[in-house]
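Visitor: would you be able to build a 3D model of this:
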Amino acid sequence: MDAPTGMSADDGPSGGEGGWFTARKQPTAGAPDAGPEAVERNLPAPPHLMGGPGPGTVPGAPTAARTSRPTQASAPPGISAHGTVPPGPGADRGDEVPAGETSAPTRPDGIHPPVPPHTSPTLQTQPSPDAVRIRRTMAEVTPVAEKVTSYFYALLFVRHPHLRPLFPAAMDAQRDRLLRALLTAAEHIDNTPALVAYLQDLGRGHRKYGTRAEHYPAVGECLIGALSRYASASWDAETEAAWVRAYTTISQVMIDAAAADELRAPAWWHAEVVAHELRTPDVAVVTVRPDQPYPFLAGQYTSLETPWWPRIWRHYSFASAPRSDGLLSFHVKAVPAGWVSNALVHRARPGDTIRLGPPTGSMTVDHTTDSGLLCLGGGTGIAPIKALVEDLAEHGARRSVEVFYGARTDHDLYDIDTMLRLQQAHPWLSVRAVVDRQARRRLPDAVRAYGPWHEYDAYLSGPPAMIRNGVDTLTAIGIPSERIRHDAVEELVLAR
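Guide: Numbering: from 1, shown residues only. The predicted structure is shown next:
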């Protein structure tokens, strides 16, 4: 998600058992496609938010200004914001990349961003009453997702114009992402491990937008306003109360994660471009030097902002394991109409300064086991696979590692020489190139010819279609789903 959802906890978490805002009556319907001014005229007064006086304020609720000390989230049944949870993949790696190559899988413009697909399913056999009501709302608003999104932002910017500078000047590429993330989180309110990990990543990752904890009430108010307008058939007092409870949990988990992260890491890092190597006309290896130590793990990814497109962040995987010199490398493919990718490939030069968000993602190696690794990298998705191989080598591992490097043409195997050099240096590593147009088969299908793989841990990185096909193929040939690791892609929301 590249629109700000996580709010910086400079003033600390706020909220309480009563939620961020009180329930209100269903709004009066107005013109469906009215502009912001007409939208505002057709809406009732917003509900009173916590942190300010008013007849709707929850009695005894704390104000928004509090210490930045992290607190436990207020949670409905099935959600716990404390204790140990398995690491989930990062927030989305949304880029302007089509179904081609990218080191960061993308998602479409639909309303559902992914919750980590490789986490365990919820232990509840039946959905909670709140989840049933929320999913009923989702079913009603999904066919009119664009109208819901437009109305949401009209409310947000008319009622709270001070929030507009937090968003990019051009909203077309990322206006849906804030709403999509909120709706996805609410829809999966019963899936504790996946949801909490997902929200914690969002809360940490969105400190870089400069947003604050007190912005959450405005977002929640406008979320309820948009949903109640376009889900009129299923909306009632109980449904609104369910959404209030869900949003209270969502916001508090994100605020707490941001507050905890503030104690140990900056909101962003400045990094100087020190090398820029054009491997093909549209693929560059960009190496940067952060202005302060940047801790990350091989297989993770981060978000980048260029000076040419302020407030536009795109996600890219680290192309190497952590290095002693502190340098970071990224493989970037320029795609049609890609603002950030084209700037990084065709405009960036040594001496330029970019900004980095925090590292995230859970496609990392478990060094406590000795099982083999089966790695599938498509296009620039080979970047995190290369990093994993380097990580294993640095740990002195002798685990069997099988890498399948997929591309559309020989020309797209831009990093094959590097992978073959690694193969020569490490006898436990095997690298196979799979070119679609030569073999007339896709990368996941080529894996069937080898194996068996049921004792391996699988790692996938590349275009969304490759990952979807890869997961299906690997589970079909006997690899348990809990041993298949990748970062989030669309349409895998429920594939646990």
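Visitor: longest strand anywhere in the protein?
Guide: When the chain is parsed with DSSP state E, its longest strand is strand 269-280.
Visitor: quickly run through the sheet partners of that strand, with directions.
Guide: Sheet pairing for strand 269-280, assigned by DSSP bridges, gives strand 283-290 (antiparallel), strand 353-356 (antiparallel).
Visitor: quick one: what helix or strand has residue 403 in it?
Guide: Per DSSP states H and E, residue 403 falls inside strand 401-407.
Visitor: between the strands paired with strand 269-280, which one is nearest to residue 387?
Guide: strand 283-290 (12.8 Å; Cβ to Cβ). For every residue, glycine as well, the C-beta is placed using N, CA and C.
Visitor: now stretch 163-172: average pLDDT?
Guide: Across stretch 163-172, the average pLDDT comes to 73.
Visitor: same question, stretch 304-317
Guide: So the average pLDDT for stretch 304-317 ends up being 91.
Visitor: straight-line length of that stretch, end to end?
Guide: Terminal residues of stretch 304-317 lie 10 Å apart, using Cα to Cα, to the nearest Å.
Visitor: name the residues of it that are buried.
Guide: Neighbour-count burial for stretch 304-317, counted by 16 or more other Cβ atoms under 10 Å, picks out 304-306, 309, 311-317.
Visitor: hmm, back to that, list the contacts of the longest strand of the chain.
Guide: Contacts to strand 269-280, defined as Cβ atoms under 8 Å, 6 or more residues apart in numbering, come from residues 284-292, 294, 327-328, 345, 348-356, 411-412, 414-415.
Visitor: format the CA atom coordinates belonging to that strand as PDB.
Guide: Output of strand 269-280 as PDB, limited to C-alpha atoms (Å, rounded to 0.1, in the frame of the first residue of the first chain):
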ATOM      1  CA  TRP A 269      16.800   6.700   5.500                       C
ATOM      2  CA  HIS A 270      18.500   8.900   3.000                       C
ATOM      3  CA  ALA A 271      20.700   7.000   0.600                       C
ATOM      4  CA  GLU A 272      23.100   8.200  -2.100                       C
ATOM      5  CA  VAL A 273      23.300   6.400  -5.400                       C
ATOM      6  CA  VAL A 274      26.900   5.100  -5.700                       C
ATOM      7  CA  ALA A 275      26.600   2.900  -8.800                       C
ATOM      8  CA  HIS A 276      24.100   2.500 -11.600                       C
ATOM      9  CA  GLU A 277      24.600  -0.400 -14.100                       C
ATOM     10  CA  LEU A 278      22.300  -0.700 -17.000                       C
ATOM     11  CA  ARG A 279      22.000  -4.500 -17.600                       C
ATOM     12  CA  THR A 280      19.500  -4.200 -20.500                       C
END
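Visitor: coming back round to it: let's have the strands paired with strand 269-280 in CSV, adding mean neighbour count and mean pLDDT.
Guide: Shown next, in CSV, are these (neighbours: other Cβ atoms under 10 Å; pLDDT from 0 to 100):
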stretch, mean neighbour count, mean pLDDT
strand 283-290, 21, 98
strand 353-356, 20, 96
